[in-house]
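> 3D model of this:
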Amino acid sequence: MTDYFLPCKETVKRIDELCTGLFELWCEERKRVPLAYLLHCWPLTGHDLPAIKRLADAMSDLCQFQAGKITKREWSMMRELIGSAREIVGEPVPRGAATANGVGITWMRARLANAADQVPAVAVADILDGPL
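Numbers count the residues shown, from 1 in each chain. Model (predicted):
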């Protein structure tokens, strides 16, 4: 019997690893504002969808409202975290956000469009890294 929840558990584990990494970075650098956003919704107590959605929303808000306090390394970690969380919840992944499996919704739409001999559903700008 196939365990359909295994990819979800692995993704939640990766999200937790990313949060731990961000927590350690922000504690070391004493960045209180990003820590406040993170600690508002982390640590996760399982793969509860509302908790994962809260985490993705909080990290998206941090990216939107406190962009000056985030380094490039933190941006890449947060993009993967947000993309993975949105993928689990079933929401559209923000442009430029990486996902746990490396395949976002934009890639899926492009693959489906090409299989049906349609015009691709995404443009190059949808795939490039950009602001969240």
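> and S60, how far from E10?
22 Å (CB to CB, to the nearest Å). Backbone N, C-alpha and C define where each C-beta goes, glycine included.
> between these two, which has more neighbouring residues?
Legend: neighbour count by other CB atoms under 10 Å for S60 and E10, higher for S60 (19 against 13).
> the more buried one sits in which helix or strand?
Taking DSSP states H and E as the criterion, S60 maps to helix 49-65.
> which element follows that helix toward the C-terminus?
Using DSSP H and E, the helix or strand that follows helix 49-65 in sequence is helix 72-89.
> tell me the angle that next one makes with helix 49-65.
Between helix 72-89 and helix 49-65, the angle comes out at 150 degrees (axes from the mean of the first three to the mean of the last three CA atoms, to 10 degrees).
> give the buried residues for helix 72-89.
Buried residues in helix 72-89, counted by 16 or more other CB atoms under 10 Å: 74-75, 77-88.
> host element of V33?
Counting by DSSP H and E, V33 is part of helix 32-39.
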